[in-house]
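Engineer: predicted model and sequence follow; I will ask about them next.
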Amino acid sequence: MATTATAAPPRRRRGHRSHYPLWFYLPAGVVYGVLFIAPTIASFYFAFTRWNLSGTEFIGFENFALFFSEPYLFQGLVNTFVYGVLTSGLKVVLGLLLAVFLTSQIIARGYLRSVVFFPTLVSTVGVGITFTVLMDPGDGLVNQALALFGVDGPGWLTDPSLALISVALVDVWKGVGLATLIYIAGVVAIPQEYFEAARVDGATSAQRLRHITLPLMRPATATVIVLSLIGGLRSFDLIWAMTQGGPGFTSDVVASVIFKQYQAGFWGLSSAGNVVLFLIVAAFMVPLYWKLNRKEVDR
Amino acid sequence: MRRRRTAGVLSGTIAIIVSAVVFLVPFAFIVLTASKTRGEAALREFTLPTEWAIWENFLAVIRERDYMLLGAFVNSTILTVASVAVMVVLAAMVGYVMQRRPNRLTPWLNALVLAGLIIPPAVVPTIWVLQGLGLFRTLHGLVLIEVAYGLSFCVLLFRAFVATIPRELDEAAVIDGAGPVRLFFQVVFPLLRSVIVTAVIVQSVAVFNDFQNPLYFLPGDDHATVQLTLYNFRSQYTTEWNLLFMDILLITIPPLVMYAFFNRQIVAGLTSGAIKG
């Protein structure tokens, strides 16, 4: 269709007559450009400034140096990695297991699928507040239940070494439904003939899972990893609703640091946090995207 | 065959019990605490209320702070309806032209669309832009923010779906004398109905549940959205757990209703692209 040899003039004329006018891009482009692209580009400038009520002053890499030297900022950096990898890993494993289970011959399949999926749609703040109460070290339901079995439950959200992991577990509780759903779509799309052929050849159900389901789940796994990493690395709502980064700053992530520095009036530092978060997300996404695309070609 | 069926019944039964403990108990806890009197709710125990006060709590939470919650529901409704409507129309226009008229710039546009899905929005510079435009702390400012952040997902949905509509249809409409605007809005747009429903539902739930963006771009009590009331109630009424959980319960109902009516579209929207990757 494209005639690259007869370059500009004919294409322009055809553009005028096109039934697919380019100005259709305009309204979306203006909103997107002004409210998303422009601030993103501006953040790369502001990240290098000391920016507060009195104005901006260029200070080079000082904000970034702070991120690596101040423990309360660096902790957020580390926690973002831990949180992102932990939630997305658990969602892959649990989502896959649940999906295999929920596509097998069991009773009440529809009910179970709905129950697992529904938390995805519920307000994150609501879930956060509810679990903060349930995970209370003294009179929380979780520890009361554990006490019934003679287990002395830990201070889920008050123990500095555990707070981040507890929030991550609640994140998995809330988000595993989406992973399961994506995997179910993948499992259902596998032609039944594969399983029948394997059965004829005498494969056990474990072998069928290992050699048919798992290899064919690669695209679904890619989707789950990408979605949960994007969500996990940027995660703010749940952490803010449950611990506000505490106790101390042990469960801070970059997204909550950005908010805290913004509230404290350190806008330059907050913008630097945005750039750092951008770089972290890119550091995960670019290799992942590249690797997944290459796999696609190989096959 | 019989053995497999009993195995299915057995594992299904176990799964029902486990799912009830893991997934239903937290919701039951919300409902039970929301129905207790103030003193009993303060104990935060998982028990049936000795005295059901669900209606009283409902009225109390609505009257709280001069009917703030009602105002918040109005704000959230306006925000959700307006931003999703604008988002869907704009994204459909983009997805349609992108699919129908590929050129040298299309790969760059694709990259821009993906950037919107991946890049975390830069908060303070966005506030700076909004202030410059006089849109900071206004509801329509937040509407535009939600539109900007939701466009990418919708564009991808629409572009994929437009590819399934035959071009012959466009040509027929053009021969019948339709201009570009008419061609899109009267011929193509109505054919997008199923994917529009998907986009509307998925994005409505996302915008309604959004907490971070109202917190940043619409702070304060004047235009609080429902998610923010939860946050405000919590910091100011730490002793009234019954009212706090009644608020959570009320906020959970709209997505629940959405799911009950549209679960097929929600599932379709969220799993689109899962198989192809």
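Structural biologist: Received it, and whenever you're ready, just let me know what you need.
Engineer: and A:Ala220, that one's in a helix?
Structural biologist: Yes - assessed with DSSP: H, G, I helix; E, B strand; the rest coil, A:Ala220 lies in a helix.
Engineer: how many neighbours does it have?
Structural biologist: 28 (other C-beta atoms under 10 Å in any protein chain shown). From N, CA and C alone the C-beta is placed, and that goes for glycine too.
Engineer: against A:Ile212, how distant is it?
Structural biologist: As judged by C-beta to C-beta, to the nearest Å, A:Ala220 and A:Ile212 stand 14 Å apart.
Engineer: could you do B:Trp241 as well?
Structural biologist: From B:Trp241 across to A:Ile212, the span is 50 Å (C-beta to C-beta).
Engineer: looking at these two, which is more packed in?
Structural biologist: B:Trp241 (21 against 17).
Engineer: in this structure that one contacts A:Asp136, no?
Structural biologist: No - between B:Trp241 and A:Asp136 there is no contact under C-beta atoms under 8 Å: 11.4 Å.
Engineer: list the buried residues for the helix or strand hosting B:Leu10?
Structural biologist: Using DSSP states H and E, B:Leu10 sits within helix B:2-19. Under the neighbour-count criterion of 16 or more other C-beta atoms under 10 Å in any protein chain shown, helix B:2-19 has B:Gly8, B:Gly12, B:Ala15, B:Ile16, B:Ser19 buried.
Engineer: and B:Tyr237, what's its pLDDT?
Structural biologist: Predicted confidence (pLDDT) for B:Tyr237: 64.
Engineer: and if you look at A:Ile37?
Structural biologist: Model confidence at A:Ile37, expressed as pLDDT, equals 94.
Engineer: sec struct for it, please.
Structural biologist: Following three-state DSSP, A:Ile37 is assigned to helix.
Engineer: let me see the contact set for it.
Structural biologist: B:Leu112, B:Ala115 (C-beta atoms under 8 Å, 6 or more residues apart in numbering or on different chains).
Engineer: and the angle for the helix or strand hosting A:Thr80 with helix B:2-19?
Structural biologist: In the assignment (DSSP H and E), A:Thr80 maps to helix A:71-102. Angle between the axes of helix A:71-102 and helix B:2-19 is 150 degrees (criterion: axes from the mean of the first three to the mean of the last three C-alpha atoms, to 10 degrees).
Engineer: in helix A:71-102, which residues are buried?
Structural biologist: Using 16+ other C-beta under 10 Å as the test for burial, helix A:71-102 gives A:73-77, A:79-81, A:83-92, A:94-96, A:98-102.
Engineer: quick one: buried residues of stretch B:218-237?
Structural biologist: Neighbour counts using 16+ other C-beta under 10 Å place B:218, B:223-234, B:237 of stretch B:218-237 among the buried residues.
Engineer: ok, A:Pro39 - contacts?
Structural biologist: Per C-beta under 8 Å, 6+ apart, neighbours of A:Pro39: B:Pro121, B:Ala122, B:Pro125, B:Thr126, B:Trp128, B:Val129.
Engineer: do the helix holding B:Leu10 and chain A come into contact?
Structural biologist: Yes - using C-beta under 8 Å from any C-beta of the partner chain, we find that helix B:2-19 touches chain A at B:Arg4, B:Arg5, B:Ala7, B:Gly8, B:Val9, B:Ser11, B:Gly12, B:Thr13, B:Ala15, B:Ile16, B:Ser19.
Engineer: of those, which is the nearest to chain A?
Structural biologist: B:Gly12 (3.5 Å; C-beta to the nearest C-beta).
Engineer: tell me where the model's unsure across the chain.
Structural biologist: Going with chain A. Residues of chain A that meet the criterion pLDDT under 70 lie in A:1-17, A:293-299.
Engineer: if you could check chain B rather than the one you did, that'd help
Structural biologist: By pLDDT under 70, the low-scoring segments of chain B are B:1-5, B:237-239, B:272-277.
Engineer: mind listing the helices for it?
Structural biologist: B:2-19, B:25-34, B:38-42, B:54-100, B:106-118, B:123-133, B:139-162, B:167-175, B:180-182, B:189-191, B:193-209, B:212-217, B:226-236, B:241-271 (DSSP state H).
Engineer: picking that back up, what's the overlap in contacts for B:Trp241 and A:Asp136?
Structural biologist: Residues touching both B:Trp241 and A:Asp136 (C-beta under 8 Å, 6+ apart) are B:Arg44.
Engineer: tell me what the helix holding A:Thr80 is packed against?
Structural biologist: In terms of contacts (3 or more C-beta pairs under 8 Å, 6 or more residues apart in numbering or on different chains; DSSP states H and E), helix A:71-102 is packed against helix A:62-69, helix A:109-117, helix A:163-188, helix A:218-234, helix A:254-263, helix A:267-298.
Engineer: next, the angle from it to helix A:254-263.
Structural biologist: Using the same axes, to 10 degrees: helix A:71-102 against helix A:254-263 is 140 degrees.
Engineer: the residue of the stretch 101-250 of chain B at minimum distance from chain A: neighbour count?
Structural biologist: Evaluated by C-beta to the nearest C-beta, the stretch 101-250 of chain B has B:Ala122 as its residue closest to chain A, separated by 3.4 Å. Neighbour count of B:Ala122, defined by other C-beta under 10 Å: 28.
Engineer: now it: closest residue in space that isn't a chain neighbour?
Structural biologist: Spatially, and ignoring its direct neighbours in sequence, B:Ala122 is nearest to A:Ser43 (3.4 Å; C-beta to C-beta, 6 or more residues apart in numbering or on different chains).
Engineer: how many neighbours does the one you found have?
Structural biologist: Neighbour count of A:Ser43, defined by other C-beta under 10 Å: 26.
Engineer: so it: helix, strand or coil?
Structural biologist: Three-state call for A:Ser43 (three-state DSSP): helix.
Engineer: quick one: it and B:Pro125 touch, right?
Structural biologist: Yes - in this structure, A:Ser43 is within contact of B:Pro125 by C-beta under 8 Å, at 4.7 Å.
Engineer: okay, and the common contacts of the two?
Structural biologist: Contact criterion C-beta under 8 Å, 6+ apart; residues shared by A:Ser43 and B:Pro125: A:Ser271, A:Asn274.
Engineer: identify the residues contacting the most centrally placed residue in chain A.
Structural biologist: In chain A, the residue lying closest to the centroid (C-alpha atoms, centre = their mean) is A:Gly231, at 1.9 Å. Contact analysis of A:Gly231 by C-beta under 8 Å, 6+ apart lists A:Thr87, A:Gly175.
Engineer: for A:Thr120, which non-adjacent residue is spatially closest?
Structural biologist: Ranked by C-beta to C-beta, 6+ apart and with sequence neighbours excluded, the top spatial neighbour of A:Thr120 is A:Gly177, at 4.4 Å.
Engineer: and if you look at A:Ser18?
Structural biologist: The shortest distance from A:Ser18 to any non-neighbouring residue, by C-beta to C-beta, 6+ apart, is to B:Arg101 (6.5 Å).
Engineer: what about the one you found, how many residues nearby?
Structural biologist: B:Arg101, neighbours per other C-beta under 10 Å, totals 17.
Engineer: also B:Leu243?
Structural biologist: If you count neighbours by other C-beta under 10 Å, B:Leu243 ends up with 22.
Engineer: what does the helix holding B:Leu10 contact?
Structural biologist: The contact list for helix B:2-19 (C-beta under 8 Å, 6+ apart) reads A:Phe101, A:Ser104, A:Gln105, A:Ile106, A:Ile107, A:Ala108, A:Arg109, A:Tyr111, A:Leu112, A:Val115, A:Val116.
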